[in-house]
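here's my sequence, what's the structure:
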Amino acid sequence: TTTLADMENMPIYYDDEEVLLLPVRNVVEGLGGSVAWDREKKATEISFYGKKLLLNRGSRDAQLNGYEITLDREVEAINGCLYVSSDVFSDYFATEVIWDSSQQLVTIKTGDNTKPVIAGRMLEGVDGERNYSAEIPVVVGLNDISYEKSLNDAFESFALEQLASFPNVVPAEEAKEAAEEAEAVEQSGEGEANAETETNAEPEANAEQEEGAEETADMPKPDHVRLGFVKGYMGVDFLSFYWEVDVDGKLSSQGVNIDLQGQKYVNIFDLTASRDIETELHVYAEDVDPENYYISADKEWILLSNDEENGTYQAVSVPAEMAQSVWKDKYKFLIA
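Reported below is the predicted structural model:
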């Protein structure tokens, strides 16, 4: 626990927004971290508890350990000092920030910074009167960097699938790389040769693909798609959250539960020892999908039930006593 007072640049609290802004350099250095200027990227770099966060003045765009993320609030420059919302420290660096306005004191309690964290990255765009937005989870801090990257790639792929009806969804950098690869293939002559081979070898398959593409093109496109995620439990052993997809006001949900040590997605049958768990869970939810649930940050077992007819979904909590009676010992650490 560290208490910071009489700083060169004092914290700023906006009562109307209930937002606490903290001076970056004073707080980071007060906690033993470092702040430096990255000339190449023209950004301020925070090094703190094994994580590196790049901040851009006047922008919500940032980088956490090399991943593109989006902050909840723009980085502000006030009297020559950079300020960020206190959420930056609590969300990414496992700290609890306590502000005492009467004494002008900031108390920061640091937690377990070995645990992974979840940030978010926003994609937004407009196509005429149609619009989309997607908040994509970004996992940072896993022991296996390769697996960490594969998970983040999978989350982005899911988001792009939901936004497939909108043009220019893929980030400009990725689109540029794809275009360069396509151009290289075309220049080598491989693209034309492969196209000729595929046409000669599988004319029926190509005809079916063209027919399917025409049917897809004729389908009405949504006016708006909004994709977000709700954070659940996050630890060194397990990751849980759920997607919320809004297509023209119709909501659906999809849980994501991953055993990080086993590096595998986990359904209800994997968690429980009961042979008839679906029947037992009907007491709490009419429709039980073994893949569609999540564990909340408070270690509650939440069943997600989509109602396609009415365009909504329900999140139903299962009593801890029920979970205790059916869960395998391996996963009982997830129950409050």
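
so what's S296 up against?
Neighbouring residues of S296 by Cβ atoms under 8 Å, 6 or more residues apart in numbering: 232-233, 240, 302. No exception for glycine: its C-beta is placed from N, CA and C like everyone else's.

between all of those residues, which two are at the greatest distance?
Greatest spatial distance in the contacts of S296: Y233 and I302, 10.4 Å, computed using Cβ to Cβ.

so what sits against both of these two?
Any residue near both Y233 and I302 by Cβ under 8 Å, 6+ apart counts here, and that gives 294-296.

quick one: the closest residue to Q104 other than its chain neighbours from S101, how far?
Residue nearest to Q104 in three dimensions, not counting chain neighbours: M10, with 6.2 Å by Cβ to Cβ, 6 or more residues apart in numbering. According to Cβ to Cβ, to the nearest Å, M10 and S101 sit 11 Å apart.

go on, G255?
Distance, G255 to S101, by Cβ to Cβ: 40 Å.

now, the contacts of S296 that are in strands?
Among those, the members falling in strands (DSSP state E) are 232-233, 240, 302.

using JSON lines, lay out these together with pLDDT and distance to A43.
Shown next, in JSON lines, are the ones in strands among the contacts of S296 (pLDDT from 0 to 100; distance: Cβ to Cβ, whole Å):
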{"residue": "G232", "pLDDT": "97", "distance to A43": "31"}
{"residue": "Y233", "pLDDT": "96", "distance to A43": "32"}
{"residue": "S240", "pLDDT": "98", "distance to A43": "32"}
{"residue": "I302", "pLDDT": "97", "distance to A43": "38"}
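
narrow those to those that are buried.
For the ones in strands among the contacts of S296, burial is judged from neighbour counts taken by 16 or more other Cβ atoms under 10 Å, and it is met by 232-233, 240, 302.

may I see those organised as a markdown table, with distance to P167 added?
Compiled in a markdown table, these are given as follows (distance: Cβ to Cβ, whole Å):
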| residue | distance to P167 |
| --- | --- |
| G232 | 33 |
| Y233 | 36 |
| S240 | 33 |
| I302 | 35 |
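
out of the residues you listed, which is nearest to E74?
Ranking these by separation from E74, with Cβ to Cβ as the measure, puts G232 on top at 27.4 Å.

so who does that closest one touch?
240-242, 294-297, 302.

distance to V225 added to those, as CSV?
Output for the contacts of G232, formatted as CSV (distance: Cβ to Cβ, whole Å):
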residue, distance to V225
S240, 24
F241, 19
Y242, 17
Y294, 21
I295, 27
S296, 25
A297, 26
I302, 24
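
tell me where the stretch 151-300 of the chain has strands.
Counting by DSSP state E, counting those that start in this stretch, the segments of the stretch 151-300 of the chain that form strands are 224-234, 238-247, 250-259, 264-265, 293-295.

my error: substitute the stretch 1-150 of the chain in the last question.
With DSSP E, counting those that start in this stretch applied, the stretch 1-150 of the chain shows strands at 2-4, 12-14, 19-23, 34-38, 43-48, 51-55, 61-64, 67-70, 76-78, 81-85, 95-100, 105-110, 117-127, 130-140, listed in chain order.

now the ones you listed in TSV, with mean pLDDT, mean neighbour count and distance to F155?
Compiled in TSV, the strands of the stretch 1-150 of the chain are given as follows (pLDDT from 0 to 100; neighbours: other Cβ atoms under 10 Å; distance: least, Cβ to Cβ, whole Å):
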stretch	mean pLDDT	mean neighbour count	distance to F155
strand 2-4	73	15	34
strand 12-14	85	12	32
strand 19-23	91	21	28
strand 34-38	93	13	26
strand 43-48	93	19	24
strand 51-55	95	20	19
strand 61-64	96	20	15
strand 67-70	96	18	11
strand 76-78	93	13	29
strand 81-85	94	21	24
strand 95-100	84	15	25
strand 105-110	83	17	28
strand 117-127	94	17	9
strand 130-140	96	20	5
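
distance of the closest residue to E74 other than its chain neighbours from G228?
Closest residue to E74 in three dimensions, ignoring its sequence neighbours and counting by Cβ to Cβ, 6+ apart: R60, at 5.3 Å. For R60, the distance to G228 (Cβ to Cβ) stands at 16 Å.

who's more crowded, the two?
Summary of the neighbour comparison: R60 and G228, criterion other Cβ atoms under 10 Å, with G228 having more neighbours (17 against 14).

next up, the contacts around that one.
When contacts are counted by Cβ under 8 Å, 6+ apart, G228 is found next to 134-135, 243-244, 246.

and of those residues, the nearest to Y284?
Minimum distance to Y284 across the contacts of G228 is 20.1 Å, recorded for E244 (Cβ to Cβ).

contacting residues for Y13?
Neighbour list for Y13: 19-21, 99, 101 [criterion: Cβ under 8 Å, 6+ apart].

next, format those as TSV and append distance to D276.
Shown next, in TSV, are the contacts of Y13 (distance: Cβ to Cβ, whole Å):
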residue	distance to D276
V19	49
L20	50
L21	53
W99	51
S101	55
